[in-house]
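1. no sequence for this one, just the structure:
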């Protein structure tokens, strides 16, 4: 007979509620019931105890087991994803390549922007370090005059450190060959201002700046390691610079760098006898570094200096009228030239990354659409929405992680290429590396791509699971929703590609205009090299003899058509600019309104060697080329036109400097054609040439025109120079075309990067469009078959297919034009000869884009014409 | 498949199931174990350990129709698998090796 006893209700209820329903629970309940009924004593108590123990232990086990269940699922998803990607190698390759390009390019550009713009200078509190120029009344920037600097130093109270510095290269002799070293003259407060001190030896002290002090130098770590094998006994040793002995008193730490690599820092005491230091009106290349005292705002400190400058203007109206201070943060000063280029590049790279992500999303949605059948079955078999969405996210994250890793490799290579292509004097370029921050950026970009644009297909796919997609014998086509999504993405890609294409075309036209600029001379087959004649042994006489001897010998070399010496090469800027007065040019009321010109000492053969045409009069002869000859000058067309319009300036007189400057009046003997002086795009200034022998500089280039093997010629020229004097350092040996090329470096980099990006973007958009249209053709086979059966011609079919694709491209192009009109304004400073909104460029770009789009649509369209109507109709279920 | 080391309780359960043969139902296993060990066996521990043994592939079960004594609720009959038997044999060998030579020292002094 059945035992009527029933177990206590509450524990039984707990069992029934807390254990999952199923035969598991039933058997346990049954076991407990059977045993409960078989017990004679304390059965209820036993039941309570065992029921609770079961509930507690089994719930606990389920929870910990569930956690490992998630891990198991994850492992499963990853394995599944890898397998399914391996089964679709071309899809996977395209996606990985797209991601790698997007992430790689953006990481490389980010590294450059970070290294040059964003990363703070490696000095303590770099934002409080100021770089100070002087400027004239017209706002033209100048270096600081030494007497002005001394007065600032004496009168200012707001600064912890105020130091003057200028570049100075030196010729070091005493070794096997003469060597040219890059150096800096600094006042003793220089290291204090930047917050650095020598690792070995001592820093400079005030006594080192005094006239007559023992010449001392602090060397860089690299110099010390190379020349002295890191021997601590180098302190106290002497080196010979420009023929004078300097004692090494300190060595900088290995990691120290001020703006650029520098071999030596030389104390000012060695130069206190120089004439420019005594002349207040002479701005001879010194700049001032300043660090305000702690607690004093930069503006207050700068304003104090302004007031001191104003006082000096009142005290010295001859030299200082209109002269005021321009102070900026050192960081800003360094990159001001580059800022725009870098920002343009960043913008371009951002667009490219966006395009890459959109493309990947497109591909993933397409893949998701193709898998709707598979996903529907899985949903029907009980796979939850969350589970499916998680799986899609895992798949896309895996892709983006792999793409990111490849992207980092690409970034490394790309960065090296960009750094190598950068303009030579780009500050801090040697600090640019693929550092931790750049890698974090890459990881972030990959994550963004994976999660944000992978979630799109994930959400879409999981919604499929919720739909009641009928499981047919064949996969149905992609849903209308996924189609709309893909079309939208293609439109966005096309728009972005058009923006990049417009930027690239504008830069290419700029480069074209720049290369077409008439430089005023013949740059082909010209080689240049710089010489340095420093030191006490080089007096004027010796220098003249050397130059004449060298030029004569070089002209005698086989293959040489001409050789000359000059102070400044064309396009490369002017090393000497000065105010002047001239016959028939009235003296202005204010001194600061005196005209200025580029002054260029040049040897007699210069104009012929360079191919600069004579307009009027004559150029220099050998007779003009000595210090004792009558002072003469040759001027350029711009000067003739501006000062003596409609007149003949030949015979008029010119005097360099202020009215009181002790320089001679010189007769104008000829006019030559304008050449480009400050780069290719700046207007030509007034230019005055003087005979080289009448005012020979210490550092200057020579130019040689030749025929045949130019590299061999350069070597012969150097040998010839060393045959005259083995201790003259020769450096910067390069063809004239290199100099012209460097002046276009900024534009070239921007053009190169934008072009590469635009091509990649256009390719991605075209491939995306092709894929979408091709799929559309497959899905519309039935419709196309019917049309053909009803008599549609091949041309009509092609028009049908292409029109669909082109409409997307047209919408994208329209949006892209709007974007381009906005974004190309940022290119303004880089463009030359073409406006940012140039209509012909826009038209060209739109046409090119539509042509490419038509081609992308044309291939599947042609395939559509080959659809056999009977096949297509039979294929219907 | 690598043979894991059995815990004490796991070993006892397996031995009891072997001992019970065709009558190795859930409730019977618990009672038999209590009889042999002289200690109370928590049913929570019993069922979770049986689940664990099943996960490891050492036991399997079949569902059998329930009797009136349990209001018709189904029962599970447990069987030790070949893998379970092999693991038991290994565990015994390990125990025997550990025990060997210690009889004198572990002799009951009484």
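-> Structure's in. What do you need? Only a predicted model underlies this, so the values are computations on that prediction, with no experimental measurement involved. Numbers count the residues shown, from 1 in each chain, chains lettered A, B, ... in the order given.

2. And the helices in the stretch 101-250 of chain A, which stretches?
-> Here the stretch 101-250 of chain A has its helices, by DSSP state H, counting those that start in this stretch, at A:146-155, A:190-194, A:221-228.

3. For residue A:741, list the residues it contacts.
-> By CB atoms under 8 Å, 6 or more residues apart in numbering or on different chains, residue A:741 lies in contact with residue A:748. C-beta here means a position set from N, CA and C on the backbone, and glycine is covered the same way.

4. pretty sure residue A:664 is touching residue A:653, no?
-> No: contact criterion CB atoms under 8 Å: residue A:664 and residue A:653 do not qualify, at 9.6 Å.

5. What parts of chain B come near chain A?
-> Within chain B, the positions near chain A by CB under 8 Å from any CB of the partner chain are B:25-27, B:30-31, B:42-45, B:47-48, B:51, B:63, B:66-71, B:73-76.

6. and residue A:793, how many residues sit next to it?
-> Using other CB atoms under 10 Å in any protein chain shown, residue A:793 has 11 other residues around it.

7. and residue 77, what helix or strand is that in?
-> Unless you meant another one, I'm taking chain A. Counting by DSSP states H and E, the element that carries residue A:77 is helix A:43-87.

8. could you do chain B instead?
-> Going by DSSP H and E, residue B:77 is part of strand B:75-80.

9. next one: the helix or strand that comes right after that strand to chain centre, how far?
-> Going down the chain from strand B:75-80, the next helix or strand is helix B:82-99, by DSSP H and E. Centre-to-centre, helix B:82-99 and its host chain are 13 Å apart (CA atoms, centre = their mean, to the nearest Å).

10. what packs against helix B:82-99?
-> With contacts taken as 3 or more CB pairs under 8 Å, 6 or more residues apart in numbering or on different chains; DSSP states H and E, helix B:82-99 sits against helix B:8-20.

11. circling back to that earlier point, I'd like to know which of the helices of the stretch 101-250 of chain A is closest to chain B.
-> Among the helices of the stretch 101-250 of chain A, helix A:221-228 comes nearest to chain B, with 58.7 Å by CB to the nearest CB.

12. Can you point out the buried residues in that closest one?
-> Of all the residues in helix A:221-228, those buried under the rule 16 or more other CB atoms under 10 Å in any protein chain shown are A:221, A:223, A:224, A:227, A:228.

13. Check stretch A:602-610 too.
-> A:602, A:603, A:604, A:605, A:606, A:607, A:609, A:610.

14. ok, and of those residues, which contact chain B?
-> Within the buried residues of stretch A:602-610, nothing lies near chain B by CB under 8 Å from any CB.

15. quick check, nearest of the residues you listed to residue A:810?
-> For those, the residue nearest residue A:810 by CB to CB is residue A:610; the value is 52.8 Å.

16. for the residue nearest to that closest one when sequence neighbours are not counted, what are its contacts?
-> Excluding its sequence neighbours, the residue lying closest to residue A:610 (CB to CB, 6 or more residues apart in numbering or on different chains) is residue A:521, at 4.3 Å. If a contact means CB under 8 Å, 6+ apart, then residue A:521 has A:570, A:610, A:611, A:612, A:675 as its contacts.

17. Among those residues, name the ones in strands.
-> Secondary structure assignment by DSSP state E places none of the contacts of residue A:521 in strands.

18. got CSV for the residues you listed, with pLDDT too?
-> Shown next, in CSV, are the contacts of residue A:521 (pLDDT from 0 to 100):
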residue, pLDDT
A:570, 94
A:610, 96
A:611, 95
A:612, 96
A:675, 96
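
19. Give the buried residues for stretch A:549-563.
-> Buried-residue list, stretch A:549-563, by 16+ other CB under 10 Å: A:550, A:551, A:553, A:554, A:555, A:560, A:562, A:563.

20. Outside of it itself, which residues are in contact with it?
-> By CB under 8 Å, 6+ apart, stretch A:549-563 touches A:525, A:564-565, A:603, A:605, A:608-609, A:702-709, A:713, A:716-717, A:720-721, A:723-724.

21. chain center to stretch A:802-811: distance?
-> With CA atoms, centre = their mean as the basis, the mean position of stretch A:802-811 lies at 36 Å from the chain mean.

22. Residue A:206 against residue A:163, yeah?
-> No: here residue A:206 does not reach residue A:163: they are 11.6 Å apart, not a contact under CB under 8 Å.

23. what is in contact with these two at once?
-> Joint contacts of residue A:206 and residue A:163 (CB under 8 Å, 6+ apart) are residue A:188.

24. Can you flag the buried ones in the residues of chain B next to chain A?
-> Buried subset of the residues of chain B next to chain A (neighbour count, 16+ other CB under 10 Å): B:25-27, B:30, B:42-44, B:47-48, B:51, B:66, B:70, B:73, B:75-76.

25. Could you find the residue nearest the spatial middle of chain B?
-> Centroid-nearest residue in chain B: residue B:13, 1.4 Å away (criterion: CA atoms, centre = their mean).

26. pLDDT wise, what is the nearest residue to that residue once chain neighbours are set aside at?
-> Counting by CB to CB, 6+ apart, residue B:49 is the residue found nearest to residue B:13 once chain neighbours are left out, at 5.9 Å. Looking at residue B:49, its pLDDT is 93.

27. swap in residue B:73?
-> Note for residue B:73: predicted pLDDT of 91.

28. for chain B, what are the nearby residues on chain A?
-> A:2-3, A:23, A:26-35, A:37-38, A:50, A:52-58, A:61.

29. buried subset of those?
-> Among those, those buried by neighbour count (16+ other CB under 10 Å) are A:26-35, A:37, A:50, A:52-55, A:57-58, A:61.

30. ok now do the nearest residue to residue A:820 once chain neighbours are set aside, which residues does it touch?
-> Spatial nearest neighbour of residue A:820, excluding adjacent residues (CB to CB, 6+ apart): residue A:502 at 4.1 Å. By CB under 8 Å, 6+ apart, the residues touching residue A:502 are A:816, A:820, A:824, A:841, A:842, A:845.

31. Pick out the most distant pair among those residues.
-> By the measure CB to CB, these have their two most distant members at A:816 and A:841, which lie 13.0 Å apart.

32. what about the two, which has more around it?
-> residue A:816 (29 against 21).

33. Give the helix, strand or coil label for the more buried one.
-> Here residue A:816 is recorded as helix under DSSP: H, G, I helix; E, B strand; the rest coil.

34. doesn't residue A:498 make contact with it?
-> Yes: look at residue A:816 against residue A:498 with CB under 8 Å: they come within range, at 2.9 Å.

35. So what does the residue nearest to residue A:752 when sequence neighbours are not counted have for phi and psi?
-> Distance criterion CB to CB, 6+ apart; nearest residue to residue A:752, sequence neighbours excluded, is residue A:421 at 7.2 Å. Dihedral angles phi and psi of residue A:421 (degrees, to the nearest 10) take the values phi -90, psi -10.

36. State the pLDDT value of residue A:421.
-> 75.

37. same deal with residue A:438?
-> pLDDT for residue A:438: 83.

38. Quick check: next helix or strand after the helix or strand hosting it?
-> Per DSSP H and E: residue A:438 is located in helix A:436-466. Sequence order places helix A:480-515 as the next helix or strand after helix A:436-466, per DSSP H and E.

39. After that next one, which helix or strand is next?
-> Immediately after helix A:480-515, counting by DSSP H and E, sits strand A:526-532.

40. Confidence-wise, which of the contacts of residue A:502 comes last?
-> Ranking the contacts of residue A:502 by pLDDT, residue A:824 lands last with 83.

41. thinking again about what came up before, which residues are in contact with both of residue A:816 and residue A:498?
-> Jointly contacting residue A:816 and residue A:498 under the rule CB under 8 Å, 6+ apart are residue A:849.
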